[in-house]
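J.: Output the structure for:
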Amino acid sequence: MPTRDETPLGAPAWIDLASSDLEKSKAFYSALFGWTLQDAGPEYGGYINAHKDGKAVAGMITNNPEWNAPDAWTTYFATDDIDATLQKAVAHGGTNCLPPMEVPQLGYMALFADPAGAMVGLWQPLAHKGFQLVGEGGAPVWHELNTREYDRAVDFYTTVLGWNTKIEGDSADFRYACAQHDGAPIAGVNDASVGQWALPEGVPAHWAVYFGTDDTDAGAAKATELGGVVLAPAQDTPYGRMALIRDTTGAAFWLCSVDS
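T.: This next block holds a predicted model:
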């Protein structure tokens, strides 16, 4: 079981869902993934921590209407100097959306938009080291930026997050780069302006979250039963069988098959 105690610098460390109906989201994801949910309490703004088999995998928070943002999953990347990383992001074309703030005893968080507008989180850990379980059913398995500004994005994240970046595809209809740590991929950047994986018109650049499942078709069917919508039906890929789901309040995520 891929458990971990800390997150490599520049790698996805955490995800959370901003939901306009937290009770509805809690019911959906706990039923779909078998998560147990814990309210962190009023001192943490009613933040909900999700666990799979006792391991931390995600968070949820109420989407404040003042944020003027749709319900969505946000990916946070690990840093050991959140101020410097945010400054570097802004210096290279990003926009500071939330200056660094302390989450008491747990760590420091910040938010910025990359040059194409995709929302990005930063996390500098104290007690909360990030994911405790990855690569399993009901846990995050992949994080992918879909952007129409591919070349700029690869340069931006390589510079800002210190990625060791490997180009995985560079054809007319498939351009893809992976960030690596110790030779293993940790996140991807997809050229969403071309080919099969191009973003539909009107869909902005964004970081997509993939959750593991031992049966993508069954998972998609269950998501539908729970009130979600299948946006892209299950299909086989070199990386597993995948389906795109919209949850009960409008946030999108992928299901991806993993070996049981």
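J.: what residues are up against the residue nearest to residue 25 when sequence neighbours are not counted?
T.: Leaving aside its chain neighbours, residue 25 sits nearest to residue 19 (4.0 Å; criterion: C-beta to C-beta, 6 or more residues apart in numbering). In this view, the C-beta of every residue, glycine as well, is placed from N, C-alpha and C. Contact analysis of residue 19 by C-beta atoms under 8 Å, 6 or more residues apart in numbering lists 25, 60-63, 71, 249, 251.
J.: make it 7 Å
T.: Residues in contact with residue 19 (C-beta atoms under 7 Å, 6 or more residues apart in numbering) are 25, 60, 62-63, 71, 249.
J.: which of the residues you listed lies closest to residue 195?
T.: residue 71 (27.7 Å; C-beta to C-beta).
J.: any idea how far residue 159 is from the closest one?
T.: Counting by C-beta to C-beta, to the nearest Å, the gap from residue 71 to residue 159 is 30 Å.
J.: cool, and residue 184?
T.: 21 Å.
J.: on that earlier part again, residue 71 and residue 159: which has the busier surroundings?
T.: residue 71 (18 against 13; other C-beta atoms under 10 Å).
J.: In this structure that one contacts residue 249, no?
T.: Yes. Counting by C-beta atoms under 7 Å, residue 71 touches residue 249, with 4.6 Å between them.
J.: so what sits against both of the two?
T.: 19-20.
J.: Which elements pack onto the helix or strand encompassing residue 109?
T.: Assigned by DSSP states H and E, residue 109 belongs to strand 107-113. Packing partners of strand 107-113 (3 or more C-beta pairs under 7 Å, 6 or more residues apart in numbering; DSSP states H and E): helix 82-91, strand 95-103, strand 119-125.
J.: ok, now which ones touch the nearest residue to residue 235 once chain neighbours are set aside?
T.: Once flanking residues are discounted, residue 235 sits nearest to residue 242: 6.3 Å by C-beta to C-beta, 6+ apart. Listed by C-beta under 7 Å, 6+ apart, the contact set of residue 242 reads 216, 234-235, 254-256.
J.: Equivalent analysis for residue 69, please.
T.: 18, 63.
J.: swap the cut-off to 10 Å and go again
T.: Neighbour list for residue 69: 18, 20, 63, 97, 119 [criterion: C-beta atoms under 10 Å, 6 or more residues apart in numbering].
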